[in-house]
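*Asks:* Dropping the sequence and predicted coords here.
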Amino acid sequence: MFSWKTLRRNKTVKYGVPMLLLVIGGSFGLREFTQIRYDAQKIKKRLDPSLEAKVNPEKQAVILEEEYEKLKEIHLDEWKNIRGPRPWEDSREYQEQQRSNLSKTH
């Protein structure tokens, strides 16, 4: 049989086995660490909207009726689309031209 001295000299045992243990053990270790991250994301997503509004007051839920009332107040009939300047056009000159055209129509 092999003696301990022979096994210590063998390059496969000396370098290969620790390398395999490192690779296989590292993959299991990384799986555990990444699983913690995904579990934390799941817990964060599970918050009840009413509880989330209490926890994060700046991220309160938008009520559809309130947004509809805000849109009703805006006069969309008076809105005019003004295109921005092209790369070869002078932006200040073009903006002044658009403003003057806009003020002439109103």
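*Replies:* Alright, I've got the coordinates. Numbering: from 1, shown residues only.

*Asks:* do you know how far I24 is from E69?
*Replies:* 62 Å (C-beta to C-beta, to the nearest Å). Just so you know, the C-beta spots here come from the backbone N, C-alpha and C atoms, and that holds for glycine as well.

*Asks:* ditto for I82
*Replies:* Distance, I82 to E69, by C-beta to C-beta: 27 Å.

*Asks:* What residues sit buried inside the longest helix anywhere in the chain?
*Replies:* Longest helix in the chain, counting residues (DSSP state H): helix 17-45. By neighbour count on 16 or more other C-beta atoms under 10 Å, the buried set for helix 17-45 is empty.

*Asks:* Check the offset of it from the chain's centre.
*Replies:* Helix 17-45 has its C-alpha centroid displaced from the chain centroid by 22 Å (C-alpha atoms, centre = their mean, to the nearest Å).

*Asks:* same thing with stretch 82-98?
*Replies:* In terms of C-alpha atoms, centre = their mean, the centre of stretch 82-98 is found 34 Å from the chain centre.

*Asks:* Look at it and report the distance between its end residues.
*Replies:* End-to-end distance for stretch 82-98: 7 Å, by C-alpha to C-alpha, to the nearest Å.
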